[in-house]
Every structure is written in structure tokens, then in C-alpha cells.
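Novice: predicted structure and sequence below. I'll ask about it afterward.
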Amino acid sequence: MIIRTVTALVASTTLLAACATHDGDAQGEGAAVTARLETPSVGTAGQDAADDPAIWASSAPVRIGGVSTMGFVAGTDKKAGLYIYGLDGAVLQFLPEGLLNNVDLTGGLSVEGRPQVVLGASDRTPGKTGVALYLFDPAGEAGVRPWGAIRSDVVEPYGFCFARRGAEVHAILVGHEGEVRQFVLAADAAGRPDAREVRRFKIGTISEGCAADEATDALYIAEENVGLWRYRLDPSGGDGRALVQPVTPGVLVADAEGLAVIEDGAARYLIGSSQGDSTFPVWRIDGPQPVFAGRFVVGTGEVDRVTGTDGVDALGGSVGAAFPEGLVVVQDDVNDAGTQNFKYIDWRDIRAALGLN
């Protein structure tokens with residue numbers, strides 16, 4: 001069922017406004033890596049359109065669009081809908097779902113007795129504002145399919161991430177002006193989405209990127225022109241927070257955008273997007289406090305360099321044969337081969353460049 005909250009409408013010109021005000025050609029200092037491959041350009045040409053990716057990997061082949069694959073990358077065209085890419089970057093599926101901004105995915109839910117991968121995307125489409133929900137059945141061949149929605153009173157949904165708290169799946173929506181809504185998501189007896197709001201708070205100003213680390217009860221949110229905040233993931237934490245990293249030249253430059261957590265053995269890292277200077281700061285987060293581990297840039301290699309990144313996602317462990325120890329996917333604002341797209345980076349390259357354990 002769809003959660004009952006008041007849906008606010010805003011003018012379409014506001015909804016279609018670009019989120020970034022950066023120099024797309026600028027690139028700051030950082031350890032250099034290169035992307036291994038890239039996706040085709042998103043369908044919306046000549047605009048700020050590609051936005052945010054999410055990665056899923058399987059231990060056995062699955063089928064999407066008649067193609068066998070060991071996983072997929074979901075990526076938003078925030079003017080048009082949701083792409084599903086193979087681990088080789090090829091388009092497997094496109095869902096023309098409207099103004100989807102940030103996307104994330106998670107396991108942990110069974111629908112009608114079958115384990116499912118759940119995808120969620122912040123939805124700015126007038127009349128549909130909230131979180132659009134999708135299902136992928138690894139045992140089926142239907143691909144990613146619409147499931148329902150979480151309606152919200154957030155005026156302009158922007159950031160979105162899933163989190164796990166024990167057996168619970170939490171869906172966290174960040175509004176353009178820093179409003180946060182946290183929901184517990186389940187499937188009801190009829191197999192429909194059932195969401196209940198468990199927390200709401202205000203960050204302060206424009207915010208988007210979010211990522212969670214259940215092991216340390218942490219919810220990380222990027223306030224674009226202020227810095228990186230750490231909240232408790234537990235809803236009882238309210239709006240209590242600590243500033244992990246203020247916007248600072250050479251570390252995190254406004255706009256602070258996407259966030260992603262990657263597990264690497266016993267270590268866990270948080271990767272951010274420093275959109276203002278096209279770099280990616282990294283923090284180790286499995287200790288009592290996050291520790292800055294350096295930052296990297298994506299230079300020209302087999303594909304062109306990466307600048308002006310908005311969304312980023314990362315997944316450790318085996319992600320298909322090409323990425324045996326992890327994959328990082330980033331949005332590229334200025335793509336030499338066409339309009340905006342997504343680039344795939346081998347985690348081993350980042351680990352080596354930063355000298356991580």
C-alpha cells in the first residue's frame with residue numbers, strides 16, 4: 001500500500017532545475033585512477049540528466065532483457081527514468097518512469113514468498129513526489145518492474161538511500177532543502193509495499209547524498225555547501241549529529257554530493273563526491289570515528305576522465321569476472337563520447353592508488 005501523507009506539488013520549472021553550479025572541466029588534486037569502461041550516454045541529451053547509480057551482484061547468472069548477467073547497475077536519467085545496465089555497461093532495460101533523481105537497492109524483503117531485490121528512487125514527478133519502488137526477482141526473467149511508491153510531503157525529493165537495521169529495511173528520503181524522512185519498508189500480505197514513517201528531521205540547507213553503515217549505527221548525509229554529517233541510523237537518534245568533514249579546500253569542495261559505503265574484508269570505507277573540484281574523498285569508517293584516508297581523481301585512460309560527479313555507488317567483493325574485489329560506479333557530468341553517462345572503476349585500482357590496507 002502507499003503510505004498516506006500529504007503530497008505537495010511544485011512548478012515544473014523548479015523540478016527540472018539542475019542541482020549543480022560547478023565548473024565541469026575543473027579537477028583538483030588526488031591519487032589518479034582510470035575507469036575501466038563506461039555506459040552509453042543517457043537518452044536526455046544536452047542537459048544535466050544522468051544522476052545516480054546503484055550496484056547489485058549475484059553469485060549465479062540472472063537474466064534481464066533476455067541477457068545473462070552476474071549483476072547490474074541501475075542509473076537514473078533524472079529527466080526521463082531509470083536505466084538498468086549490465087556489468088559491461090550495455091543497456092539491458094529502460095523504465096520511462098519520469099523525474100527520478102537518486103536510486104538505491106537492497107535485499108532482505110520477500111514478496112509473495114519469494115526473495116526480491118528492491119530498488120527505490122527519489123521521485124520528483126509532479127503528482128508522484130516521494131519514493132518510486134521497483135522489484136527484481138533473481139529467479140525470474142521479468143527484469144526490474146514497478147512495485148509501488150512511498151508518498152511523502154517532501155516538496156522536492158532529492159537524495160535517497162536504503163539501510164538495514166537487523167531484519168528491517170529502512171528507506172531514507174532527503175529533500176532538496178534538507179528535509180529527511182525515514183521509513184521502515186515491508187511487504188503486506190497482498191505483496192504490496194507497506195511503509196511507515198519512523199523519523200523526520202531537518203538538516204539545514206540543500207542536501208542530497210546519503211549512505212548508511214549499520215555496524216556503527218551511522219547515517220551519513222552530505223549538506224552540499226556545509227559538509228559531511230553523521231547521524232545515528234537508529235530513529236531514536238532524532239536530529240543529533242556530528243560534523244565529520246566541513247567543506248574545506250583540498251578535502252571536500254562544494255557541492256558535496258553522492259555518498260557510498262564499500263566493504264573491503266574487515267575494513268569499510270565511505271566514498272564521497274566532491275563535485276566542486278571533481279575529486280572523491282574517502283574515509284575509513286569501521287572504527288570509533290571516521291578517518292580521512294585520502295582522495296582520488298578519475299583521469300583519462302581506456303575512457304575519458306570523470307568531472308563534475310553527482311552520484312556514486314560502490315560494492316565490495318566479486319562483481320562479475322571483471323571486478324573480482326569490488327566495483328565503484330560514478331556519474332560523469334562532461335562525457336567526451338557524448339552526453340552524460342556512468343563510468344565503472346575497479347576498486348583494486350582505488351585501493352592501490354590510496355595505499356589502503
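Specialist: Noted; the coordinates are in hand. This structure is a prediction, so every number in the text was calculated from the model and none was measured.

Novice: going forward, measure contacts between C-alpha atoms and count neighbours the same way
Specialist: Noted.

Novice: okay, buried residues for stretch 112-122 please.
Specialist: For stretch 112-122, the neighbour count (16 or more other C-alpha atoms under 10 Å) marks 115-122 as buried.

Novice: sorry, that was for stretch 333-349
Specialist: Quick answer for stretch 333-349 (16+ other C-alpha under 10 Å): 333-335, 339-349.

Novice: cool, stretch 195-202 as well?
Specialist: 195-197, 199-200.

Novice: closest to I262 among those?
Specialist: Nearest to I262 among these, counting by C-alpha to C-alpha, is R199 at 25.5 Å.

Novice: quick check, the closest one in contact with G238.
Specialist: Yes. If you go by C-alpha atoms under 8 Å, R199 and G238 touch, sitting 7.0 Å apart.

Novice: distance check, the closest residue to D336 other than its chain neighbours against A26.
Specialist: Spatial nearest neighbour of D336, excluding adjacent residues (C-alpha to C-alpha, 6 or more residues apart in numbering): D304 at 6.2 Å. Counting by C-alpha to C-alpha, to the nearest Å, the gap from D304 to A26 is 14 Å.

Novice: try A50
Specialist: Counting by C-alpha to C-alpha, the gap from A50 to A26 is 19 Å.

Novice: go on, L259?
Specialist: For L259, the distance to A26 equals 20 Å [C-alpha to C-alpha].

Novice: now swap in W56 and tell me
Specialist: Distance, W56 to A26, using C-alpha to C-alpha: 31 Å.

Novice: over to R295?
Specialist: Per C-alpha to C-alpha, R295 is found 15 Å from A26.

Novice: now the element after the helix or strand bottoming out on mean pLDDT in the chain, going C-ward?
Specialist: Least confident helix or strand, the chain: helix 12-15 with a mean of 32, by mean pLDDT, DSSP states H and E. Downstream of helix 12-15, the first helix or strand assigned by DSSP states H and E is strand 31-34.

Novice: quick one: strands adjacent to the biggest strand by length in the chain?
Specialist: Identified as the longest strand of the chain according to DSSP state E is strand 50-64. Take DSSP bridges as the rule and strand 50-64 pairs in its sheet with strand 67-77 (antiparallel).

Novice: convert the C-alpha atoms of the next helix or strand after the partner strand to CSV, please.
Specialist: Going down the chain from strand 67-77, the next helix or strand is strand 81-85, by DSSP H and E. Extracted in CSV, the C-alpha atoms of strand 81-85 (Å, rounded to 0.1, in the frame of the first residue of the first chain):
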residue,chain,number,x,y,z
GLY,A,81,13.5,7.5,-15.9
LEU,A,82,15.7,4.5,-14.9
TYR,A,83,18.3,2.6,-16.8
ILE,A,84,19.4,-0.9,-16.0
TYR,A,85,23.0,-1.6,-17.3
